[in-house]
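Peer 1: Okay, sequence plus prediction incoming.
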Amino acid sequence: MLKFLTATASLIALAGPALAQTDIRFTLGWKTQGSDAPILLAQERGYFEEEGLRVTIDQGEGSAATVTRIMSGTYDAGFGDINAIIQNAAERPEVTPVMVYQLWNNPPFTIVTRKADGIATPADLEGKTLGGSPGTPTTRLLPVFARMNGLDPDTITVESLAPNLTEPMLIRGDIDGSLVFNITAWFNLINNRQDPEADYDWMSFGDHGLDLYGNGVMVSQAMIAENPDAVTGLVRAINRAAVEIASDADAGADAVMAYDSLANRDLEMARMTYSYDNLITSDEASRIGLGDVDDDRLSRAIDIVAEGYQLAVTPDAAQVFSRDFLPPLTDRQLP
């Protein structure tokens, strides 16, 4: 039976819509995490092979670094931040990758504070000291957050911190709030024996005017031009896995462990679930399906990033995102 199934899979791969045995070098956004499960499950269950793709998956160096890795030609595709695409498209539009599957409908950019300090609204940030890593969207977009929420940015002190210090300094009370990615900070607090839900408040940029998108699957312009069928197959395989995980979380966690046996299964299962609950699932995603964007919202997001990063040129939405490779809407809806 196993030989029969293997032979069948091979025939499907040869007959699939993508060119048989197309090599794709794929970079994750960071070290192995549960939020990578749709990509890893597509690999584990042979969905890439069924599309005629041979995908090599490497760990990443940051969701913004995914963009520069693809721009360098080292990688063909990856999982990373659409806001980094916007930044680079303003300067090097001819080589900046394009988002083809917008998985995180909500942005992870968040200010986390201790509940005991009573910082519950943006107005409570005035007079406070925040810590963040320079260059990250949460830190760079803080002035836009302040403007949109009627705050005087001069009343807020921002300390530049290494990424591994933002949560420890918050725990010790050395700063009043941390400028973070929620999906990272939540689990860093857990690793520091904190209760992120009971003892901390989370002020999401997306809930306070900065209606941005987050991470998704991006591909090089060269891949789009030279092998669009492979792009379609890549997106179809990842979408198939993303939908299945919503009904079978254990399969996603198993795929993470198959890729990296040293990962903490319980922690990464929780991170995967967190990504679905807080970043992937939304009213908009229910309406337009996984992977797509609202055009008006994307245009607003581009303007926000252009303001925050003081871009000399504001990219067009078509330079940033393409829905040409998405499966039908009925295939992109969570159960």
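Peer 2: Thanks, I have the structure now.

Peer 1: now the end-to-end length of stretch 208-223.
Peer 2: 37 Å (CA to CA, to the nearest Å).

Peer 1: So which bits of it are buried?
Peer 2: 210-221, 223 (16 or more other CB atoms under 10 Å). Placement of C-beta: from N, CA and C, glycine included.

Peer 1: what does stretch 280-299 give?
Peer 2: Ile280, Thr281, Glu284, Ala285, Ile288, Gly289, Leu290, Gly291, Asp292, Val293, Asp294, Leu298.

Peer 1: Extract the CA atoms of that stretch and return them as PDB.
Peer 2: The C-alpha coordinates for stretch 280-299 follow below in PDB (Å, rounded to 0.1, in the frame of the first residue of the first chain):
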ATOM      1  CA  ILE A 280      -4.700  35.100  11.400                       C
ATOM      2  CA  THR A 281      -8.400  35.000  12.300                       C
ATOM      3  CA  SER A 282     -10.400  38.200  11.800                       C
ATOM      4  CA  ASP A 283     -13.700  39.400  10.500                       C
ATOM      5  CA  GLU A 284     -11.900  40.500   7.300                       C
ATOM      6  CA  ALA A 285     -10.200  37.100   6.800                       C
ATOM      7  CA  SER A 286     -13.600  35.500   7.200                       C
ATOM      8  CA  ARG A 287     -14.900  37.700   4.500                       C
ATOM      9  CA  ILE A 288     -12.100  37.600   1.900                       C
ATOM     10  CA  GLY A 289     -10.400  34.400   2.900                       C
ATOM     11  CA  LEU A 290      -6.900  33.600   4.100                       C
ATOM     12  CA  GLY A 291      -4.100  35.100   2.100                       C
ATOM     13  CA  ASP A 292      -5.900  38.100   0.600                       C
ATOM     14  CA  VAL A 293      -6.000  41.800   1.600                       C
ATOM     15  CA  ASP A 294      -8.500  44.600   1.500                       C
ATOM     16  CA  ASP A 295      -7.200  47.000  -1.100                       C
ATOM     17  CA  ASP A 296      -8.200  50.200   0.700                       C
ATOM     18  CA  ARG A 297      -6.800  49.000   3.900                       C
ATOM     19  CA  LEU A 298      -3.500  48.000   2.200                       C
ATOM     20  CA  SER A 299      -3.200  51.500   0.700                       C
END
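
Peer 1: Rounded mean pLDDT for stretch 139-155, please.
Peer 2: Throughout stretch 139-155, pLDDT has a mean value of 97.

Peer 1: Now do it: distance to the chain's middle.
Peer 2: The chain centre lies 24 Å from the centre of stretch 139-155; the measure is CA atoms, centre = their mean, to the nearest Å.

Peer 1: Pull out the buried residues from it.
Peer 2: Here stretch 139-155 shows Thr139, Arg140, Leu141, Leu142, Pro143, Val144, Phe145, Ala146, Met148, Asn149, Leu151 as buried, counting by 16+ other CB under 10 Å.

Peer 1: what's it in contact with?
Peer 2: 109, 122-123, 125-127, 130, 132-133, 156, 158, 179, 205, 208-210, 304-305, 307-309 (CB atoms under 8 Å, 6 or more residues apart in numbering).

Peer 1: now with 6 Å?
Peer 2: 122, 126-127, 132, 179, 205, 208-210, 304, 307-309 (CB atoms under 6 Å, 6 or more residues apart in numbering).

Peer 1: From those residues, which land in strands?
Peer 2: Cross-referencing those against strands under DSSP state E gives Gly132, Leu179.

Peer 1: Roughly how far does the most centrally placed residue in the chain sit from Ile245?
Peer 2: The residue lying closest to the centre of the chain (CA atoms, centre = their mean) is Asn215, at 2.1 Å. Per CB to CB, to the nearest Å, Asn215 is found 15 Å from Ile245.

Peer 1: repeat for Leu210
Peer 2: 28 Å.

Peer 1: repeat for Asn106
Peer 2: With CB to CB as the criterion, Asn106 and Ile245 are 17 Å apart.

Peer 1: Tell me the buried residues in stretch 28-44?
Peer 2: Applying 16+ other CB under 10 Å to stretch 28-44 flags 28-30, 32-44 as buried.
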